[in-house]
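Enquirer: pasting the sequence and the predicted coordinates here, then a few questions.
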Amino acid sequence: MTIRRPTRAPAQADTTTPRPVARPTPVRRRRFAELTGSWRAALRIARRESRRAPRRTALVLAMIALPVAALAFLAASYDMAELTPEERVARRLGVADAELQWIASAPVRQDEWGAGWYVQDGEPPARVTAAQMTALLGPGSRVTEVRPRVPLTLRGPRRDEIVDGRVLDLTDPLARGLVRFRAGRPPQQPGEVAVSPAALRRLDLRLGQAVATADGSRAYTVVGVVEFPDDLGPVVALHPGAVPTTGPAPGSVWLADLPAPVDAALVSRLNDRGVVITARDPIGTRTGADRTGFGLIGGSNANDLSTGVLIAGLGLLEVVLLVGPAFAVGVRRRRRDLALVAVAGGDAAQLRRVVLADGVVLGLLGAAAGLLVGVGAAFAGRPLMEQYVFGTRFGGYRCWPTALVLLGGVAVLAGVLAALAPAWTAARQDVSAGLAGRRTPPASRGRWLTVGVALVLGGAGLAAFGATRTSPAVILTGLILGELGLVCCTPTLLGALARLGRVLPLAPRIALRDASRNRAAAAPAICAVMAAVASSVALGAYLASDGVRDARAYRPALPTGHLLMYANRPDGQPTLAQVTDAARDQLGVDVVATVYAPDCDATGTVYCDVAPVLPPSQTCPWQPGDRLPAAHRQQARADPRCRIPEVDYFGGYVEPGVDDGTALPLLTGADPATTAAASAVLRAGGVVVTDPRYLHDGLVTVRVSNADGNPDASTTVRDLPGYALPEAAGPSRLLLSTAAARRLGLSWSSAGWVVGTTTPPDEERQARFAAALRPFGTFTLNVEYGGARRDVSPLLLLLAVAAGLITVGAAGIATALAAAEGRAELTTLAAVGAAPGVRRLLAICQAGVIAGLGSVLGIVAGLGTAAIVLVSVNRQYANDWPVSAPYPFLVPWPALGVLVLVPVVAMLGAGLFTRARLPIERRLD
C-alpha cells in the first residue's frame, strides 16, 4: 500500500501563519520562581515528615512551646495589668465628673490627664473645706472629700496589724462609685467601718464584730465588706467623722459633680488658684502644657533593655541547644530521602532548605501552640494574678499583640537556628553512603576548635572588662561569646574522648563512640547542660561572695539576740519593773535596763548635738569627697589614720547616752571584766566610748552644740576622763555618766529599754511582748538577728534545681534519641549474644556522657566566669580610696552538691525507663 504525501506546488508561496517566538523569562524572575517552588516543596516535605514522626514532633513542639507559653502568659498578664489613661482615670473618678486636688497657693501647670503637675512657688494650702471647693467650681456643683492614705494600726488576733485606711463617705454616690460592695452597708457613723476581704481575713473579723486600734483609743464596728479595685490588700474604709479634720489633710482629693462638661476655661481658672483637675477626657490648658505629662515615667533605661535582650538571648540559645539533637536525629533517619533528592538533581542549597523547612514548620506550630496556651492561661488565671501577684484589678482583656508577634518570630527563629547545623551536615553528606544507609563519621575540622578557643578567650576578656566597668550588658555579652566558644569546642572534645574510650568496658566505650559519631545530636545536648550549669554556678558564686561581703561590712545595732524597745508616745510609759515582768513572762528573760538619752533642757524639746571630738593625731588628712590623684590615694591607703570603716569616712554618727554601767553590757556586749572597768570610770564621773580613736591621754573631748535654730547657740567643749572598750558590738557610742552630763549642762530622760535575750525572739513572741505592754501605749521593737548576711541558700538551691532539670531533660532527650537511632546496633548486639542488661547499661552510660560531661564543663566554666568577674571587680577597687571591702571568691557548695548528684539521677532515670530486652529483627536480603 502506497501512501502519497501531499507535495507543495512549485513556485507557490507558503501561506502558513508563523508561530510567535517566546521571549525568554528574565533571570531574576526565574530565580525567584525557582526559590519559591523550592521552599514550597521543602515545606510540604517538612509537613509530611512531622506527621511521619509524631513523637519527635511532639518533643520539639513541647520544647519550643513551653517557653513561648510562659512568656505569652507574662506578656498578656502585664498588658491587662497596665491600665490605659482612660481606665486609670475612670478608676480614680468612679461616677464623678472630675477629681480635684489643691496643690499650692500659687498657679500650677498640669498635663492633660492631671497625672503630673508643676508649681514654681507657693506653700501647700491650709485646711480646705467643701465650701471653698464648691465656690471655685461655681453654682450647681457638688464635691465630696476622699483621703486615700491614712495609716491605721488595729489589734489583730495575734499581733497588731498595720492596714491602709481610706476616709470617704460611702453614703455619698460620688464616693460609693470608687468601691464594690461585697456585703453589708456603708458606714454611717464615726464608729463604723467597712473593710476589704483581705483585711477581713487578716483581722479574723465578721460582719457586726468590733475592732479596736492598737492603742485602744478607738473601737469600730464592721458594717460592710468592700473592695477597692486599685488595692486588693487589707484596706479599711473610715467615715469622715472618724478622723480629725483639724489642720491640712495631706494627699486629700475631692470628687466633683459638675453641671457642665470640663472645658479649658475651667481648667485654667483652677490652675491659677493652684488646683489640679482630672477629667474623663484629656484636656488642654491655658498655659500650653505639653502632652507628654509632668512626672510621668520616661523611656526605659537602655542598659536595662540591653541586659534583658541578652538574657533573652541566653534563653534562646538554651532552647536551640535542646531542640538541636532532635533535628540532628531526624536528618540521620532521613539520609536516604535526602540522598534521593540529591540524585534527582537537588543541589546543596535545596537540601539545606529541606532541613530548614522542618525548623520553620515546627517553629510555627510551637509558636502557635505556645501563644494559645499562654494567652488562654493568662485569661483563665486572671483572678489569681490580680489577687496574689499584682494586688489590683486589671483593665480589659488584652494580650499585647506586638509582644506576641515578637514571641512567635523568636520561636520560629529558634526552630530555624536549631535546624541550621543539621542542615549544613545534610548538605555535605555522601550521596552513595546515604543511598546505601551507611553512616559517614563526621570529620573534625580544626578551624572550629580555633574559632571556639578564640571565642572563649575573647568572651573571658570582654566579661572581665565589663566587670571593671560594672556593666551587666557587657558581662552578659562576654558570657554568651564564651558559651558559643565552648559549643564550637565540644565536638572536638567528643572526638578526643572517643579515642580515649578504647580502654573502657563495652557499654561506656559504645556510648562514647556513639556520642562521637553523632556529634550533631550529642554536642548540642552537652552544650545545653553546660550552659545551664555554668550560669547557675557563676551566679551562685557571685551571690555567695556578695552575701559574705555584706556580712563583713554589716554593723549591728546591738549584740545578737538583744531587743531594743522605744515608746511611740512619751506619756504613759511603763516602769522598768513592768517591762521586766513582761519580758520574763513573754520572752523568758529578766535582764532589762533603761536606756537614757541626753537633753539640752529639762523638757526635752530642744535638740542638741552631743558627740566626741576626734583628736588631730587620729584625723585623716584627706577627705573622701575630694577628687584625689593616684599618688594621694596611695598615701591615704597607706596612712593608718585613714584605715577606718567605710561608714565612718563621712563622719559617722556617734550615738550618745547616759548610763551608770547598767545598760552598758546589754548595749555593747562587753565581758564582765571590761564592764567592771568601764563602770568604774562612769562612777568616777567619766565617759565611755566604743571607738578607741576618741581616747587620748586617758581623756575624751566631748562637744555639746545647742541646735535649736538659734544662730547664737552656745557650744560647750570639755575634756573628760574616759575609757575605750576594746571590742564592742553595735554602732559607735558615747556613754556619759550622770556627773559628766551635769558638767556639760545636760539633763537626761528615758529613751527606751534594752532586753538581753539569748536568741532573737520570733514575731509571735514579739507580738505577745508588745501586747503585754499595750495598756501603757504602743511600742517599736528592734531585734538584732546577728548580721545582715542574706540567706542565699534557697536561691542557690533554686538555681541548682533549675539547672538540674535542664540537665536531666537534656540527658533524657539525648538518650532517647540515641536509643532510637542506634536500634540497628542493639539488634547486632542481640545477634552476637549480648545479655539483656547491656541495653540498660548502655542507656545509663549514654546519659552519663551527656549529663556528666556537660556538668563538668559547666562547673568549670561557671567557676572560671565567677573568678574572672570577681577578680576584675577587686582589681578595679584595688587603688580606690576610701578602701572598699573586696569580694571573696567562694564556691557555692550547696549548688555544686546538687549539680554533682544530677548526673547520677539522670543515669538512674535512664536505667529505670529503658527496657532491658534487646530487639531482634529479621533482616531480609
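Expert: That came through, no problem.
Enquirer: OK, contacts around the residue nearest to Y542 when sequence neighbours are not counted?
Expert: Leaving aside its sequence neighbours, Y542 sits nearest to A866 (Cβ to Cβ, 6 or more residues apart in numbering; 5.7 Å). Where C-beta positions appear, they are placed from N, C-alpha and C, glycine not excepted. Listed by Cβ atoms under 8 Å, 6 or more residues apart in numbering, the contact set of A866 reads 537-538, 541-542, 545, 889.
Enquirer: per-domain residue ranges of this structure.
Expert: Domains of the chain are assigned by automatic domain parsing as 32-84+314-440, 147-252, 470-554+791-925, 563-618+649-783.
Enquirer: hang on, the earlier thing: centre of the chain to the helix or strand containing the residue nearest to Y542, how far?
Expert: Assigned by DSSP states H and E, A866 belongs to helix 837-877. How far helix 837-877 lies from its chain's middle: 25 Å, per Cα atoms, centre = their mean, to the nearest Å.
Enquirer: wait, is A885 part of a helix?
Expert: No. The assignment for A885 by DSSP: H, G, I helix; E, B strand; the rest coil gives coil, which leaves it out of any helix.
Enquirer: going forward, begin numbering at 23 instead of 1
Expert: All right, first residue 23 from here; so that's A907.
Enquirer: from what I can see it touches Y576, true?
Expert: No. A907 is not in contact with Y576 according to Cβ atoms under 8 Å; the separation is 10.7 Å.
Enquirer: check contacts around E108.
Expert: So E108 contacts R302 (Cβ under 8 Å, 6+ apart).
Enquirer: just for the stretch 423-572 of the chain, where's the confidence low?
Expert: Scanning the stretch 423-572 of the chain for pLDDT under 70 picks out the ranges 455-456, 458-468, 491-493.
Enquirer: and the helix or strand containing L498 with helix 859-899, angle?
Expert: For L498, the element it lies in under DSSP H and E is helix 494-522. Relative orientation of helix 494-522 and helix 859-899, computed by axes from the mean of the first three to the mean of the last three Cα atoms, to 10 degrees: 140 degrees.
Enquirer: how far does helix 494-522 sit from the chain's center?
Expert: 28 Å.
Enquirer: mind listing what's buried along it?
Expert: If you call a residue buried by 16 or more other Cβ atoms under 10 Å, then helix 494-522 has these buried ones: 494-517, 520.
Enquirer: now stretch 119-131
Expert: Quick answer for stretch 119-131 (16+ other Cβ under 10 Å): 119-126, 129-131.
Enquirer: quick one: which of the residues you listed is nearest T781?
Expert: Nearest to T781 among the buried residues of stretch 119-131 is Q123, at 49.4 Å by Cβ to Cβ.
Enquirer: CA atoms only for the helix or strand hosting that closest one, dumped as CSV, please.
Expert: Assigned by DSSP H and E, Q123 falls within strand 120-124. Extracted as CSV, the C-alpha positions of strand 120-124 are listed here (Å, rounded to 0.1, in the frame of the first residue of the first chain):
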residue,chain,number,x,y,z
ALA,A,120,-13.7,65.3,87.8
GLU,A,121,-11.2,64.9,90.6
LEU,A,122,-9.6,68.0,92.2
GLN,A,123,-6.5,68.4,94.3
TRP,A,124,-5.4,71.7,95.8
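Enquirer: give the next helix or strand downstream of that strand.
Expert: On the C-terminal side of strand 120-124, the nearest following helix or strand under DSSP H and E is strand 130-132.
Enquirer: wait, what's in contact with L292?
Expert: 122, 158, 298-299.
Enquirer: name the nearest of those residues relative to V776.
Expert: Relative to V776, the closest of the contacts of L292 is V298; by Cβ to Cβ it sits at 47.8 Å.
Enquirer: and the closest one, how many neighbours?
Expert: 23 (other Cβ atoms under 10 Å).
Enquirer: wait, a strand at it?
Expert: Yes. Counting by three-state DSSP, V298 is found in a strand.
Enquirer: beta partners of it?
Expert: Beta-bridge partners recorded for V298 (DSSP bridges): Q123.
Enquirer: tell me the pLDDT at it?
Expert: Note on V298: pLDDT of 86.
Enquirer: wait, it touches V130, no?
Expert: Yes. Contact criterion Cβ under 8 Å: V298 and V130 qualify, at 6.0 Å.
Enquirer: so A278 is in which element?
Expert: With DSSP H and E as criterion, A278 is part of strand 275-279.
Enquirer: what strands line up against that strand, and which way round?
Expert: strand 120-124 (antiparallel), strand 164-177 (antiparallel).
Enquirer: can you put these in CSV and add mean pLDDT and distance to S72?
Expert: Output for the strands paired with strand 275-279, formatted as CSV (pLDDT from 0 to 100; distance: least, Cβ to Cβ, whole Å):
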stretch, mean pLDDT, distance to S72
strand 120-124, 85, 57
strand 164-177, 86, 56
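Enquirer: tell me the most buried of the ones you listed?
Expert: strand 120-124 (a mean of 22; mean count of other Cβ atoms under 10 Å).
Enquirer: who's in contact with it?
Expert: By Cβ under 8 Å, 6+ apart, strand 120-124 touches 114-115, 136, 147, 150, 155, 158-159, 165, 274-278, 280, 284, 292, 295-302.
Enquirer: and if we set it to 7 Å?
Expert: With contacts defined as Cβ atoms under 7 Å, 6 or more residues apart in numbering, strand 120-124 is touched by 114-115, 147, 150, 155, 275-278, 280, 284, 296-301.
Enquirer: okay, buried residues for the helix or strand where A852 lies please.
Expert: Using DSSP H and E, A852 falls within helix 845-853. Across helix 845-853, burial judged by 16+ other Cβ under 10 Å covers 848-849, 851-852.
Enquirer: wait, which of the residues you listed is closest to G774?
Expert: Nearest to G774 among the buried residues of helix 845-853, with distances taken as Cβ to Cβ, is L848, at 77.5 Å.
Enquirer: roughly how far apart are that closest one and F935?
Expert: L848 sits 16 Å away from F935, going by Cβ to Cβ, to the nearest Å.
Enquirer: again, but for V913
Expert: For V913, the distance to F935 (Cβ to Cβ) stands at 33 Å.
Enquirer: if we can go back for a sec, now the strands paired with strand 275-279 in JSON lines, with distance to P530?
Expert: Conversion of the strands paired with strand 275-279 to JSON lines gives the following (distance: least, Cβ to Cβ, whole Å):
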{"stretch": "strand 120-124", "distance to P530": "74"}
{"stretch": "strand 164-177", "distance to P530": "67"}
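Enquirer: many thanks, I have nothing further to ask.
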